[in-house]
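J.: Need coordinates for the following:
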Amino acid sequence: MNRLLIFALLICLNAASYAGEDDELTGKPVPKKRIALLLWRGMTEGEKGFVDYFRKRDLPVEILPVLDCAKDRKKLPGFIAQLKTEKPDLIYAFGTTVMQELAGTLDARDEKKNILDIPIVFCFVAYPRSPSANIMPVDVLCSGRNFTGVSHVVPMSSQLSLIRKMMTLQKIAVIYNPKEGNSLTAVEELAQHAADQTGGFELIRKPVPLDGKNLPDASAIPALVEDVARVSPDLVYIPSDSFLISNSKTVAEEINKRGLKSFSATEESIRESGALMGLVSRYYNVGQFAAFKAEKILFAQAKPGEIPVETLKSFVFLLNMETARKLDFYPPLSVLEFAEVVKPLR
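T.: Below is the predicted model:
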């Protein structure tokens, strides 16, 4: 039986004992557990899934007012100071940047700047064990610290295996943000597979140019994609990256305009912005899995540092049919049988 299904069944059996439970000594309702949401770019389907988990099970939690960085790292110290004062029972954290500032890194942790005592459950840290994230060792299952979490990125080997079922793979171009660790880690993983003698391919690296402030320049995306088109790749790979997600409509439109096929590591780029396809974790499901881990901490006295940091165990192949029609690209029936088609023809 699917692991997540087993988890869900166990929670359904136990949820009633949490809701409305009275203190044995006073007979009064048990105080609600207070959860803070520290976000990077506003509410996503992930947070919706996280909150819905507790609501649908009628668990006694209070979701505090959202702390949203709106992609501004300078807001994090103030929010962290606020959380130190409020002392919620648990903090939900979105993304690598937030986690690095909130919990500190492996080689830089400060109890004055970071939160080292309140339980944290993160979502959407693409590569939590990578040197670029630097929040937990590469070779451990659990953090051993005050956090656990869920990664949303499907293993690169699984993504490439699916791609090979749909096309002959000789050349991949990857568009990436050279200033973000998640992008660099994805490029590194692609490079490792490209060098495989039995299933290798040519990897064309195309970093987004930087502006005068040494930041990725969104205005350079059209020219960058034009440059990509000149090398005639079989596929353009779009990694999980905050900058690329924020500019996903432009990226997808420019790629589609030039008749190129794209494969995205994230759901939003396909579902909302028009990228062709991808093997992804549904954001909503990732949030639900994070909430399951939070419940273990809040109601089963589990230690966050002893709960494995994981991805989902099952993924979904998303195909944007509107884009597929424009590109005249249709995967074989053996793949379409398990695809979720988005934006179908009307």
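J.: What is the neighbour count of residue 317?
T.: Residues lying near residue 317 (other Cβ atoms under 10 Å) number 22. Glycine gets a C-beta too; all of them are placed from N, C-alpha and C.
J.: swap that for residue 335, please
T.: Around residue 335 there are 15 residues (other Cβ under 10 Å).
J.: for it, what are its contacts?
T.: Listed by Cβ atoms under 8 Å, 6 or more residues apart in numbering, the contact set of residue 335 reads 162, 165-166, 317.
J.: at 7 Å what do you get?
T.: 165-166, 317 (Cβ atoms under 7 Å, 6 or more residues apart in numbering).
J.: from what I can see, it looks like it's in a strand, true?
T.: No - applying DSSP: H, G, I helix; E, B strand; the rest coil, one finds residue 335 to be helix, outside a strand.
J.: Would you map out the domains in the protein?
T.: Using automatic domain parsing, the domains assigned to the chain come out as 3-152+282-306, 156-280+315-342.
J.: worst average pLDDT in those?
T.: Lowest mean pLDDT of those: domain 3-152+282-306, a mean of 89.
J.: number of nearby residues for residue 210?
T.: Residue 210 is flanked by 14 other residues according to other Cβ under 10 Å.
J.: Of the contacts of residue 335, which is the nearest to residue 326?
T.: For those, the residue nearest residue 326 by Cβ to Cβ is residue 166; the value is 16.9 Å.
J.: Which residue is the nearest non-sequential neighbour of that closest one?
T.: residue 331 (4.7 Å; Cβ to Cβ, 6 or more residues apart in numbering).
J.: roughly how far out does stretch 305-323 sit from the chain middle?
T.: Distance, stretch centre to chain centre, for stretch 305-323: 9 Å (Cα atoms, centre = their mean, to the nearest Å).
J.: all helices for the stretch 51-200 of the chain, in order.
T.: Here the stretch 51-200 of the chain has its helices, by DSSP state H, counting those that start in this stretch, at 76-86, 96-103, 156-166, 181-194.
J.: if we look at the second one, which residues are touching it?
T.: Residues external to helix 96-103 that are found in contact with it (Cβ under 7 Å, 6+ apart): 38, 40, 69, 73, 76, 80, 93, 114-115, 120, 122, 125-126, 133, 135, 145-147, 181-182.
J.: again with stretch 248-259
T.: With Cβ under 7 Å, 6+ apart as the test, stretch 248-259 has contacts from 175, 218, 221-222, 225, 229, 236, 238, 244, 262, 268-269, 273-275, 323, 326-327.
J.: just the strands in the stretch 1-150 of the chain please.
T.: Ranges of strands within the stretch 1-150 of the chain are 33-39, 61-63, 67-68, 90-94, 120-123, 147-150, based on DSSP state E, counting those that start in this stretch.
J.: how about a markdown table for these, with mean neighbour count and distance to residue 50 added?
T.: As requested, those are exported to a markdown table (neighbours: other Cβ atoms under 10 Å; distance: least, Cβ to Cβ, whole Å):
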| stretch | mean neighbour count | distance to residue 50 |
| --- | --- | --- |
| strand 33-39 | 21 | 8 |
| strand 61-63 | 18 | 9 |
| strand 67-68 | 18 | 14 |
| strand 90-94 | 25 | 6 |
| strand 120-123 | 27 | 7 |
| strand 147-150 | 28 | 10 |
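J.: related to what we said a few turns ago, out of the helices of the stretch 51-200 of the chain, flag the one nearest residue 207.
T.: Among the helices of the stretch 51-200 of the chain, the nearest to residue 207 by Cβ to Cβ is helix 181-194 (8.3 Å).
J.: ok, and what's touching that closest one?
T.: 96, 126-127, 130, 132-133, 156, 160, 172, 174, 176-177, 200-203, 205, 237, 239-241, 265.
J.: how does it look with 8 Å?
T.: Applying Cβ under 8 Å, 6+ apart, the set of residues contacting helix 181-194 is 96, 126-127, 130, 132-133, 153, 156-157, 160, 172, 174, 176-178, 199-203, 205, 237, 239-244, 265.
J.: list the buried ones in that helix?
T.: Buried positions in helix 181-194, judged by neighbour count with 16 or more other Cβ atoms under 10 Å: 181-187, 189-190, 193-194.
J.: do the same with stretch 224-241
T.: 224-225, 228-229, 233-241.
J.: Contacts only, for residue 148.
T.: 120-122, 142, 293, 297, 304-305, 307-309.
J.: Including distance to residue 102, could these go into CSV?
T.: What follows is the contacts of residue 148, written out as CSV (distance: Cβ to Cβ, whole Å):
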residue, distance to residue 102
120, 7
121, 11
122, 8
142, 18
293, 16
297, 16
304, 13
305, 15
307, 17
308, 20
309, 15
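J.: Those, buried ones only, as a ChimeraX selection?
T.: Filtering the contacts of residue 148 down to the buried ones (16+ other Cβ under 10 Å) takes a single ChimeraX command:
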select :120,121,122,142,293,297,304,307,309
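J.: so the residue nearest to residue 166 touches residue 162, yeah?
T.: No - at 9.2 Å, residue 331 does not count as touching residue 162 under the criterion of Cβ atoms under 8 Å.
J.: got a list of what residue 208 touches?
T.: Counting by Cβ under 8 Å, 6+ apart, residue 208 has contacts 175-178, 216-217, 220-221, 224, 243-244.
J.: Among those, which lie within strands?
T.: Among the contacts of residue 208, the ones falling in strands (DSSP state E) are 175-176.
J.: Of the buried residues of stretch 224-241, just say which sits nearest to residue 282.
T.: residue 240 (13.9 Å).
J.: need the contact list for that closest one.
T.: 126, 152-153, 182, 186, 265-266.
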